[in-house]
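Undergrad: any chance you could fold what I've pasted below:
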Amino acid sequence: MTIMEIKERNPLLIEQLLEVWQSSVKATHLFLTDDEIEEIKGYVPQALKGIAHLIVAENESRLPAAFMGIEGHRLEMLFLLPDERGKGLGKKLIRYGIDNYGINEVAVNEQNPLARGFYEHIGFRVYKRTEQDEQGNPYPLLYMRLNSRS
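TA: Down below sits the predicted model:
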């Protein structure tokens, strides 16, 4: 697995990352309907193009297996192919982000308890909860900060 920051975000890469995003969301965001996923999917390419730091993990075939987006010190997105979950890749990406970009904050959907547990295992702790997501949808968010002792 190779981890690297992507500067040039060409259409093929965006398409590949969109596939990673969609398969990841379908596997982990069980509270979203297929229609909601399709609607959100329309915004993902722009988010991928606009995020300050786009970090991609490529598999042995040099295809994206996971990616994360970082803005400031906040992890804005982390998505892995379902087959890559549970193998340490997510943790490796987060550690890379902490070490190289100073990640110390993330927001997770409350209805995604596996994500909350993952970030808590790394050392993040909830400091705030909202009733809606950042787009005003009825999906509560948990805002988490990295515990300085982690």
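Undergrad: so where's this protein shaky on pLDDT?
TA: For the chain, the stretches with pLDDT under 70 are 148-150.
Undergrad: mind listing the helices for it?
TA: 11-28, 34-41, 44-50, 89-101, 113-122 (DSSP state H).
Undergrad: how close does the residue nearest to residue 78 when sequence neighbours are not counted sit to residue 85?
TA: Residue nearest to residue 78 in three dimensions, not counting chain neighbours: residue 68, with 4.4 Å by C-beta to C-beta, 6 or more residues apart in numbering. Glycine gets a C-beta too; all of them are placed from N, C-alpha and C. Separation of residue 68 from residue 85 (C-beta to C-beta, to the nearest Å) stands at 14 Å.
Undergrad: contacts only, for residue 6.
TA: Remark: with contacts taken as C-beta atoms under 8 Å, 6 or more residues apart in numbering, residue 6 is in contact with 13, 54, 55, 56.
Undergrad: who is it paired with across the strands?
TA: Beta-bridge pairing of residue 6 under DSSP bridges involves residue 54.
Undergrad: what's the separation between it and residue 90?
TA: Taken as C-beta to C-beta, the span from residue 6 to residue 90 is 18 Å.
Undergrad: on that earlier part again, and of the contacts of residue 6, the nearest to residue 99?
TA: residue 55 (11.5 Å; C-beta to C-beta).
Undergrad: still on that earlier bit, of all the contacts of residue 6, which two lie farthest apart?
TA: The most widely separated members of those, counting by C-beta to C-beta, are 13 and 55 (12.5 Å).
Undergrad: neighbour count: these two, which is higher?
TA: Higher neighbour count among residue 13 and residue 55: residue 55, with 22 against 17, using other C-beta atoms under 10 Å.
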